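Colleague: sequence first, predicted coordinates after that:
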Amino acid sequence: MNTLVIFYSLNGKTYKEAKRIANELGAERYRVVERKPRSALGAATIGRIEAKERAVSHIDPIAVRLSDYDRVVLMAPLWGGYPAPAFNNMVMELEKGQEVGIVLTSEEGELKDEEGLIRFVEKTGAKVIGVSVMNIGKK
């Protein structure tokens, strides 16, 4: 199965996990980048509000076509219990019928509203095949 790991990482921790997962799956990897880099403070304040509202972020254009992949793994950090806004941009690129795995990273929080997250992703016509949260700890 043709798989892509597409991810957003603010501080490099999600990047590290995306690289590891892509290697394990034999998948391609693509990093989503915000146009204006966000500070840790910005993520902890405005970013948390945007994440809860499922707002999108201002990102560089995604240079891969998700439609070229049968399975897509979406990865992003949790901010206030919700995926970072760049995650929502990735969701908008999904195609009907794609299998989607969701891997979220967290230093200490838990995912809020998993059912709502699944509904949000499946509105695209994609099928969520799993949701997991990786505790990556603080350093």
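Modeller: Cool, the structure landed. Residues are numbered from 1 along each chain as shown.

Colleague: got a list of what the nearest residue to residue 101 once chain neighbours are set aside touches?
Modeller: Nearest residue to residue 101, sequence neighbours excluded (C-beta to C-beta, 6 or more residues apart in numbering): residue 73, at 4.4 Å. C-beta here means a position set from N, CA and C on the backbone, and glycine is covered the same way. Residue 73 makes contact with 3, 4, 5, 6, 21, 22, 25, 27, 100, 101, 102, 103, according to C-beta atoms under 8 Å, 6 or more residues apart in numbering.

Colleague: could you report the pLDDT at residue 73?
Modeller: With respect to pLDDT, residue 73 scores 98.

Colleague: could you do residue 138 as well?
Modeller: Reported pLDDT for residue 138: 66.

Colleague: most residues in a single helix of this structure, which one?
Modeller: helix 13-25 (DSSP state H).

Colleague: just checking, what packs against that one?
Modeller: strand 3-8, strand 28-32, strand 71-79, strand 99-106 (3 or more C-beta pairs under 8 Å, 6 or more residues apart in numbering; DSSP states H and E).

Colleague: residue 89: which of the ones you listed is closest?
Modeller: Shortest separation from residue 89 across these is recorded for strand 28-32, at 6.5 Å, computed as C-beta to C-beta.

Colleague: what sits up against the next helix-or-strand element following the closest one?
Modeller: With elements assigned by DSSP states H and E, the helix or strand that comes after strand 28-32 is helix 40-42. The set of residues external to helix 40-42 that reach it, using C-beta under 8 Å, 6+ apart, is 10, 11.

Colleague: just checking, next helix/strand downstream of helix 40-42?
Modeller: In N-to-C order, the element after helix 40-42 by DSSP H and E is helix 48-52.
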